[in-house]
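Asker: only geometry, no sequence info:
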């Protein structure tokens, strides 16, 4: 059994059937999840009037904004870095992970990734119990 010719398919050849547009929000979600996969990166604490409210959340998606223009995107991520990790190493790994995941999942190339490190997170020591 042979496959039908592209001209014989309903709607014509694939390149003439339409187009696929990837929304900004889709790239934001993929990039935000990618940040949770990078060792040393965490979602930054919420900020109100420039003051941090709450704590950094290592298991939550980072705050990410993306702009998609055709098949190219720019991404801005706001993260916290685990102390004493190198901010440069973490941000370089984050940029690479975002580019790789967005391209693999959405087929959109990421032209530029801005990373804003707003906090350093220390692992909390367990509370001492009085004995």
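Answerer: Nice, thanks for sending it over. Bear in mind that the values here come from a model prediction, so they are computed numbers and not experimental data. Residues are numbered from 1 along each chain as shown.
Asker: residue 75 touches residue 29, doesn't it?
Answerer: No. In this structure residue 75 lies outside contact range of residue 29 using Cβ atoms under 8 Å: 11.5 Å. (C-beta placed from N, C-alpha, C; glycine too.)
Asker: who has more neighbours out of the two?
Answerer: Comparing residue 75 with residue 29 by neighbour count (other Cβ atoms under 10 Å), the higher total belongs to residue 75, at 27 against 16.
Asker: check the gap between the more buried one and residue 105 for me.
Answerer: For residue 75, the distance to residue 105 equals 13 Å [Cβ to Cβ, to the nearest Å].
Asker: need the next SSE after the helix-or-strand element of the chain with minimal mean pLDDT, C-terminal direction.
Answerer: The element with the least model confidence among the helices and strands of the chain, by mean pLDDT, DSSP states H and E, is strand 51-53, at a mean of 52. Using DSSP states H and E, the helix or strand that directly follows strand 51-53 along the chain is strand 63-69.
Asker: how about residues contacting that following strand?
Answerer: The list of residues contacting strand 63-69 from outside it, by Cβ atoms under 8 Å, 6 or more residues apart in numbering, reads 22-25, 27-28, 31-32, 35, 43-44, 73-78, 108.
Asker: give me the next element, helix or strand, following it.
Answerer: With elements assigned by DSSP H and E, the helix or strand that comes after strand 63-69 is strand 72-82.
Asker: tell me which other helices or strands that following strand touches.
Answerer: Using 3 or more Cβ pairs under 8 Å, 6 or more residues apart in numbering; DSSP states H and E as the contact definition, the elements that strand 72-82 packs against are helix 24-36, strand 41-43, strand 63-69, helix 87-106, strand 109-121.
Asker: alright, calling it a day.
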